[in-house]
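# Return atomic coordinates for the entry below.
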Amino acid sequence: MVLVDRPPTFGGTDCVTTTNRDSSREAVLQLAALGHRDIAFLGDRRTLWTSQERYTGYLEGLAQAGLTLREELVRTGLHGADLAK
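Numbers count the residues shown, from 1 in each chain. This is a model prediction of the structure:
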């Protein structure tokens, strides 16, 4: 068994993950470099490992860009494109 995009919660299982954290940080930095200051975070449930990693990268990107976290720009618990609107 191999887990995709989730680390194992028990031993003996291999996993394949993506660069969720790094990619989110890089996206924020790219947007900030283009002059954007109102950068939102849209994510799934905060209990999901991938969401946690992406949010951490978002926070790191804001900090590196010298931007302040604005909670009104953070939306979580979104399970599809329709909810993200």
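# CA atoms only for the worst-scoring helix or strand of the chain on mean pLDDT, dumped as PDB, please.
The weakest-scoring helix or strand in the chain, judged by mean pLDDT, DSSP states H and E, is helix 81-84 (a mean of 70). The C-alpha trace of helix 81-84 is given here as PDB (Å, rounded to 0.1, in the frame of the first residue of the first chain):
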ATOM      1  CA  ALA A  81     -14.900  25.200  -6.600                       C
ATOM      2  CA  ASP A  82     -18.500  26.200  -6.000                       C
ATOM      3  CA  LEU A  83     -17.800  26.800  -2.300                       C
ATOM      4  CA  ALA A  84     -14.700  28.800  -3.000                       C
END
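# So what's the gap between that helix and the chain middle?
16 Å (C-alpha atoms, centre = their mean, to the nearest Å).
# The chain should start at 153 in everything you say after this.
Done: numbering now begins at 153, and the last item shifts to helix 233-236.
# which outside residues touch that helix?
Leu194, Arg227, Gly229, Leu230 (C-beta atoms under 8 Å, 6 or more residues apart in numbering). The C-beta positions use only the backbone N, C-alpha and C, and glycine is treated the same way.
# Test my guess that the last one contacts Ala192.
No. With contacts counted by C-beta atoms under 8 Å, Leu230 stays clear of Ala192, the gap being 11.2 Å.
# what residues do the two have in common as contacts?
By C-beta under 8 Å, 6+ apart, no residue touches both Leu230 and Ala192.
# so what's the closest residue to Asp174 other than its chain neighbours up against?
Leaving aside its sequence neighbours, Asp174 sits nearest to Gly209 (C-beta to C-beta, 6 or more residues apart in numbering; 6.3 Å). Neighbouring residues of Gly209 by C-beta under 8 Å, 6+ apart: Asn172, Arg173, Asp174, Ser175, Ser176, Arg177, Glu178, Ala179, Val180.
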